[in-house]
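K.L.:
pasting the structure only:
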């Protein structure tokens, strides 16, 4: 049994799920110049009609190895149903999924898991990550 990429979820009111390396661990292992981080802040569709919910409170991040075809080293998800989302993507990480693999995946719309298939903005770019709508 390989325990190196076990998916984990913290069941707080806004769930946090992750699988694989953290951004910090990837940088420590590979060096900052070899790590690319794709990320996005978003509002789930089911929250859009509720003005009591903060906008763009959810966050998703993919930590990738630049020298290995942008292989996904870790995924991090803060949002509804994080445990359900991470469980499926954990198989992809175990099998060496790349960012191109994620982008080629047709996301189920409208779901929060779809956000992982839409990641484009890198931390390095400094561009805004907030979304205005689905």
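P.N.:
Here it is on my side, so go on. Predicted model only: the values in this text are computed from it and were never measured.
K.L.:
Mind pulling the model confidence for residue 113?
P.N.:
The confidence metric pLDDT takes the value 93 at residue 113.
K.L.:
Give me the three-state assignment for the closest residue to it other than its chain neighbours.
P.N.:
Counting by CB to CB, 6 or more residues apart in numbering, residue 113 lies nearest to residue 85, which is 4.5 Å off, once chain neighbours are set aside. Every C-beta, even on glycine, is put in place using the N, C-alpha and C of the backbone. Look at residue 85: counting by DSSP: H, G, I helix; E, B strand; the rest coil, its state is helix.
K.L.:
Just the buried residues of the helix or strand of the chain with the lowest mean pLDDT, please?
P.N.:
For the chain, counting by mean pLDDT, DSSP states H and E, helix 82-94 ranks last in confidence among helices and strands (a mean of 94). Neighbour-count burial for helix 82-94, counted by 16 or more other CB atoms under 10 Å, picks out 82, 85, 86, 89, 90, 92, 93.
K.L.:
Now tabulate the residues you listed in CSV and tack on distance to residue 120.
P.N.:
Output for those, formatted as CSV (distance: CB to CB, whole Å):
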residue, distance to residue 120
82, 21
85, 18
86, 21
89, 17
90, 22
92, 18
93, 19
